[in-house]
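Novice: Sequence below, structure please.
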Amino acid sequence: MRFFQRRYQENTTLLNICKYVADVCVVIVLAYVLVTFICCRSTVVGNSMEETLSNDNTVLINRISYAFNGPKRFDCIAFEQDSVDSSKIYIKRVVGLPGETVQIKDGRVYINDVQLDDYVDTTILTPGVAANPYKLADDEYFVLGDNRNNSEDSRFASVGMVKRKNVVGKVWMVIEPFDSFGFVK
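Specialist: Down below sits the predicted model:
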């Protein structure tokens, strides 16, 4: 009888080890799929998104968030430039949506001649291309950095309007440094 009890305990231990190994393998596969197909990492360079994101923050970008619907106003998005030789990822805030007319006058953003109720209370010193009304195409977004007067964004030809095809995804959360860990609003 002892032989069978000992054999039963050995089999139970072996079964528990196999279950543990299988669980670890499933977690590794799920993490790989998550990082490869759903999210990507990027490091913030510069202070154009200050107070929301700081220089050297590492963020996760949700690649599938815009699979069916495009970005909404005030979403924090990651995008690439339209040029072929650029691999740089920009992170900015969506202000103007496709089909809208954007203008910056008297230091404020106007969408279709109505002042935007912006959560950033900063007078914009350089309106750039938005000094005159600019009508966005059906696949273009007008983006600004949260640090309005220290941001290279849609106001300038170096970045310009963001085309839908160049949007990488929605900036989801800050993962480094740990004291800044959390979701991006």
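Novice: What strand or helix carries the closest residue to Leu97 other than its chain neighbours?
Specialist: Closest residue in space to Leu97, ignoring its immediate chain neighbours: Arg73 at 6.1 Å, by Cβ to Cβ, 6 or more residues apart in numbering. C-betas here are computed from N, CA, C, even on glycine. Per DSSP states H and E: Arg73 is located in neither a helix nor a strand.
Novice: in stretch 156-172, what's buried?
Specialist: Buried residues in stretch 156-172, counted by 16 or more other Cβ atoms under 10 Å: 159-163, 166-172.
Novice: Tell me which of these fall in helices.
Specialist: Secondary structure from DSSP state H places none of the buried residues of stretch 156-172 in helices.
Novice: Columns pLDDT on top of these, output as JSON lines?
Specialist: As requested, the buried residues of stretch 156-172 are exported to JSON lines (pLDDT from 0 to 100):
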{"residue": "Val159", "pLDDT": "90"}
{"residue": "Gly160", "pLDDT": "91"}
{"residue": "Met161", "pLDDT": "94"}
{"residue": "Val162", "pLDDT": "94"}
{"residue": "Lys163", "pLDDT": "94"}
{"residue": "Asn166", "pLDDT": "93"}
{"residue": "Val167", "pLDDT": "94"}
{"residue": "Val168", "pLDDT": "92"}
{"residue": "Gly169", "pLDDT": "94"}
{"residue": "Lys170", "pLDDT": "95"}
{"residue": "Val171", "pLDDT": "95"}
{"residue": "Trp172", "pLDDT": "92"}
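Novice: Name the nearest of those relative to Val114.
Specialist: Nearest to Val114, judged by Cβ to Cβ, of these is Met161 at 19.8 Å.
Novice: residues contacting the closest residue in space to the closest one that isn't next to it in sequence?
Specialist: Leaving aside its sequence neighbours, Met161 sits nearest to Glu140 (Cβ to Cβ, 6+ apart; 4.2 Å). Neighbouring residues of Glu140 by Cβ atoms under 8 Å, 6 or more residues apart in numbering: 98, 161-164.
Novice: how does it look with 6 Å?
Specialist: Residues in contact with Glu140, defined by Cβ atoms under 6 Å, 6 or more residues apart in numbering, are 98, 161, 163.
Novice: From Leu53, how far off is the nearest residue to the first one once chain neighbours are set aside?
Specialist: Read that as Pro98. Leaving aside its sequence neighbours, Pro98 sits nearest to Asp138 (Cβ to Cβ, 6+ apart; 5.0 Å). Separation of Asp138 from Leu53 (Cβ to Cβ, to the nearest Å): 29 Å.
Novice: what about the two, which has more around it?
Specialist: Taking neighbours as other Cβ atoms under 10 Å, Asp138 and Leu53 compare with Leu53 leading, 23 against 7.
Novice: Give me the pLDDT value at the nearest residue in space to that one that is not next to it in sequence.
Specialist: Nearest non-adjacent residue to Leu53, counting by Cβ to Cβ, 6+ apart: Val44, 4.9 Å away. Reported pLDDT at Val44 in the predicted model: 93.
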